[in-house]
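Undergrad: Pasting the sequence and the predicted model now:
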Amino acid sequence: MSTAKTHRYSVMVGRDEIVIETGKLAEQAGGAVTARLADTVIFAAATMSAHAREELDFFPLQVEYEEKLYAAGRIPGSFFRREGKPSDSAILISRVIDRPLRPLFREEMRNDVQVMLTPFSHDQEHHIDMLGLIAASTALTISNIPWDGPVAGVRIGLIDGALVINPTISEMENSQLDLRVAGTAQAINMVECGASEVDEETMLKALKLAHDTLQPIIALQNQIRADVGKPKTEVTLYKIADTLQAEVADKVRAEVRQIVVEHTDRTARNDALDVLRDKLVAEYEERNKAQSDPAQIIKLAHVREALTNVMYEEVRKRIVHDGVRPDGRDFTTIRALAAEVALVPRVHGSGLFTRGQTQVLTIATLGTPRDAMQMDGLSPEEDRRYMHHYNMPPFSTGEVYPVRGPKRREIGHGALAETALRGMIPPEDEFPYTIRLVSEVLSSNGSTSMASVCASTLALMDAGVPIVRPVAGIAMGLVQHDGKTAILTDI
């Protein structure tokens, strides 16, 4: 029997009590907790490597949700009768937890950080994704890992005209809104939503309700940290020296500004920046050759990064102060649009949507009810008659790399477009067909997920599916500089 002391905390969230426990399980992890809502229990462990990986130019964070069917008293339906690669639903939960955690780490960290989430029990009534986010945040908060959290997450539904905090799975069947919100004490930092044409005023109320609901959960995590949290480990931050950044900025700012102003074509702009980058790197290579003291050698990767930082600053400055984006557009102008249907013979429906250099072809296929996707996960959903798959091959961005099946990003973007269209798909008793959409990204220059929404609407109509209304998607951006803010349409 374990002699470790269990520390138990609880907080009321809407109608439900969330219980967080730590101290009993996984004592060698950096931080470990269980979070419980009714009979749904999820375990989270956060651990950081002892040594940094200096050779990396990014922060190596992994957030992994591992779906275990024993949590619902099921045996996996595969031949081996054990869990295999993550299901799409598990990947989507990993992504929705990753998104609010990642921005609160310092980008200059190079220690591996891994957050692993395992459902121990699932009562088939309470969603596990936002509970998992709370568990992950608490594990990080009490761990030795440097992090600027905590965060918390909540789901808001709209049932019979009333906003409901953390509705159950069965309640969500009658909800017009599926809004997931994560945030810190100060602000919201992640929103994911699917809705049946909910008006703007209701959405604003739902967002405010969500952020207000997060506050006691965040306060509880701070209390747990004060009671049982570990001291944060001092880690080396691998960043450009301020002196090098200032030196590079003085050398290239005028040329970078000229490139940003003169080249509205992305390819021409990148070519001009490549020429400037090569010239700058060659200059520092010569300086390094003449340097006898190894400590004075300047990393060329830092030189390249310093130039990129100057470019980003000049782009932001021009957007905010001059009202001009890199491609010459103002804040609200949308790139040139084009749409076609019936491009491909023999398929049931096809739609091609182009916005600027972003181009997506969606193919619609109709099948019988027997073609519905059989689900083998923790969700009580048994089958799915509407599916949307999204592929983004390397040629779409002019790159070359191995193709090893859909990446997490592709699965996420497919789910995003699927959610956008789900409310417009006719019910099975009116249209008794299984529907599969496949969006092929042929060219990407921003907002391919939203282009896939548009292309899929075209394909559905071309296939004769009586959708409720056409759906369009567009990406929005926010740029800040010197205390000023610009909201951009179609990024």
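TA: Structure's in. What do you need? Numbering: from 1, shown residues only.

Undergrad: how near is M130 to A210?
TA: Taking C-beta to C-beta, to the nearest Å as the measure, M130 falls 10 Å from A210. In short, each C-beta sits where N, CA and C put it, glycine included.

Undergrad: actually S49, sorry about that
TA: Taking C-beta to C-beta as the measure, S49 and A210 are separated by 34 Å.

Undergrad: Comparing the two, which residue is more hemmed in?
TA: Taking neighbours as other C-beta atoms under 10 Å, S49 and A210 compare with A210 leading, 24 against 14.

Undergrad: where does the helix or strand hosting the more buried one sit relative to the chain's centre, distance-wise?
TA: Per DSSP states H and E, A210 falls inside helix 200-228. Counting by C-alpha atoms, centre = their mean, to the nearest Å, helix 200-228 is centred 20 Å from the centre of its parent chain.

Undergrad: Same check on stretch 271-291?
TA: 35 Å.

Undergrad: List the buried residues of that stretch.
TA: A272, L273, L276, R277, L280, Y284 (16 or more other C-beta atoms under 10 Å).

Undergrad: Which of those residues fall in strands?
TA: Residues of those located in strands (DSSP state E): none.

Undergrad: Which members of these are the farthest-apart pair?
TA: Largest separation among those by C-beta to C-beta: A272 and Y284, giving 19.4 Å.

Undergrad: Could you count how many residues lie near the residue lying closest to P393 once chain neighbours are set aside?
TA: Closest residue to P393 apart from its sequence neighbours, by C-beta to C-beta, 6 or more residues apart in numbering: V403 at 6.7 Å. A count of neighbours around V403, defined by other C-beta under 10 Å, yields 9.

Undergrad: how about V403, secondary structure?
TA: Recorded secondary structure, V403: coil (DSSP: H, G, I helix; E, B strand; the rest coil).

Undergrad: so what does the helix holding A210 touch, helix or strand wise?
TA: strand 7-13, strand 16-22, helix 129-142, strand 152-159, strand 162-165, strand 177-183, strand 188-195 (3 or more C-beta pairs under 8 Å, 6 or more residues apart in numbering; DSSP states H and E).

Undergrad: Run through who's touching the last one.
TA: Spelled out, that is strand 188-195. Strand 188-195 has contacts (C-beta atoms under 8 Å, 6 or more residues apart in numbering) with 96, 99-100, 103-104, 151, 153, 158, 176-183, 203, 207, 210-211, 419-420, 422-423.

Undergrad: Relative to D98, how far out is the closest residue to D178 other than its chain neighbours?
TA: Spatial nearest neighbour of D178, excluding adjacent residues (C-beta to C-beta, 6+ apart): G194 at 4.6 Å. Separation of G194 from D98 (C-beta to C-beta): 19 Å.

Undergrad: go on, R8?
TA: Taking C-beta to C-beta as the measure, R8 falls 28 Å from D98.
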